[in-house]
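> sequence first, then the predicted structure:
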Amino acid sequence: MQIIKKAKSMFDEDNKLYQIDKLGDPLTRLNRQIKWESFREKIEKCFPDTEPSKGGRPNFDRLMMFKILLLQRYYDLSDDSTEY
């Protein structure tokens with residue numbers, strides 16, 4: 001039996017996200033219920049400003065990292081599971 005892979009289209013990711021949202025994606029519900037931006041100022045105050053001219057990889061958005069840590073704790077996920 002030969003398996004034929006379908007070529008990815010430009011809209012595959014959008015379609016997949018739409019399907020997940022229709023099924024009741026918990027992340028979408030959280031985004032609707034929590035005003036995440038209200039945490040940004042408090043989070044940013046906790047970390048010193050870094051000088052980008054020193055090189056290295058740019059920091060990830062701290063608010064995004066905060067969301068990830070909350071989800072990791074809430075669902076009791078390992079680092080590998082969280083990344084997946």
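Structure's in. What do you need? Given the structure is predicted, the values throughout are model-derived calculations rather than measurements.
> need the residues that contact the lowest-mean-pLDDT helix or strand in the chain.
Within the chain, judged by mean pLDDT, DSSP states H and E, the helix or strand with the poorest mean is helix 12-22; its value is a mean of 81. Judged by C-beta atoms under 8 Å, 6 or more residues apart in numbering, the contacts made with helix 12-22 from elsewhere in the structure are residue 28. C-beta: built from backbone N, CA, C; applies to glycine.
> likewise stretch 52-66?
So stretch 52-66 is in contact with 36, 37, 39, 40, 43, 44, 47, 50, going by C-beta under 8 Å, 6+ apart.
> how about a cut-off of 6 Å?
Stretch 52-66 is touched from outside by 40, 43, with contacts defined as C-beta atoms under 6 Å, 6 or more residues apart in numbering.
> tell me which residues of it come out buried.
Buried residues in stretch 52-66, counting neighbours by 16 or more other C-beta atoms under 10 Å, are found at residue 66.
> how far does it stretch from start to finish?
Its first and final residues considered, stretch 52-66 spans 21 Å by C-alpha to C-alpha, to the nearest Å.
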